[in-house]
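> give me the fold of what follows.
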Amino acid sequence: MAFWSSLSSDQIGPLLEVADQVHPDLPESAHVFAERVRLFPEGCLGLVRHDDGKLCGYAISHPIRAREPPALDSLLGEIAPDADQYYIHDVAVLPGFRGKGLAAEVIRMLIEVAWRHNYRTTCLVSVYGTAPFWARFGFVSQKVGAALAKKLKEYGEDAVYMSCQAGR
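Reported below is the predicted structural model:
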């Protein structure tokens, strides 16, 4: 089937192919993904098919300042030295690999990364009505101020800022 492994910079092209299929309305440049892999490789994973090694999904995550997720398709420059929250930027799995527990597996892996780095909350922006999916992992919708609400609109009208407490 498929397994999660560290994402490398030479997988950015195949990652974009997956992103184009999963998130056609939320395009991000190769530079954004390459920077995330460079800045926080531990939080960047690829879902690789056993039979041919092709990428069939990915997960991108990294630390941020609390309640300050990056704007869509924007570079970070660096991981903020005062970052105090973990951010799941994206989990994308091609349709043929869904329903097999692979997304749940990587979400648990990312939350473990957050825990190891002492981030006690993890956040994300839920899109495409996926809030009920994220709620299964303890994520709860959060009220947001005007600045964050404006940023969320870039992600679509149904975008929801969610967070959960880290725990074992």
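> what's the local residue count around residue 157?
Neighbourhood size, residue 157 [other CB atoms under 10 Å]: 7. Glycine gets a C-beta too; all of them are placed from N, C-alpha and C.
> give me the helix or strand of this structure that scores worst on average pLDDT.
None of the helices or strands of the chain scores lower by mean pLDDT, DSSP states H and E than helix 146-153, at a mean of 94.
> which positions within that one qualify as buried?
151-152 (16 or more other CB atoms under 10 Å).
> following the one helix or strand residue 106 maps to in sequence, what is the next regular element?
In the assignment (DSSP states H and E), residue 106 maps to helix 102-116. Sequence order places strand 121-126 as the next helix or strand after helix 102-116, per DSSP H and E.
> what is that next one packed up against?
strand 85-93, helix 102-116, helix 131-135, strand 160-165 (3 or more CB pairs under 8 Å, 6 or more residues apart in numbering; DSSP states H and E).
> now do the last one against strand 121-126, angle only.
Angle between the axes of strand 160-165 and strand 121-126 is 160 degrees (criterion: axes from the mean of the first three to the mean of the last three CA atoms, to 10 degrees).
> pLDDT of strand 160-165, averaged?
For strand 160-165, the mean pLDDT works out to 97.
> what about the chain, any weak spots by pLDDT?
167-168 (pLDDT under 70).
> give me the number of residues near residue 84?
When neighbours are counted by other CB under 10 Å, residue 84 comes out with 15.
> need the contact list for it.
With contact set as CB atoms under 8 Å, 6 or more residues apart in numbering, residue 84 has these partners: 63, 65-66, 119.
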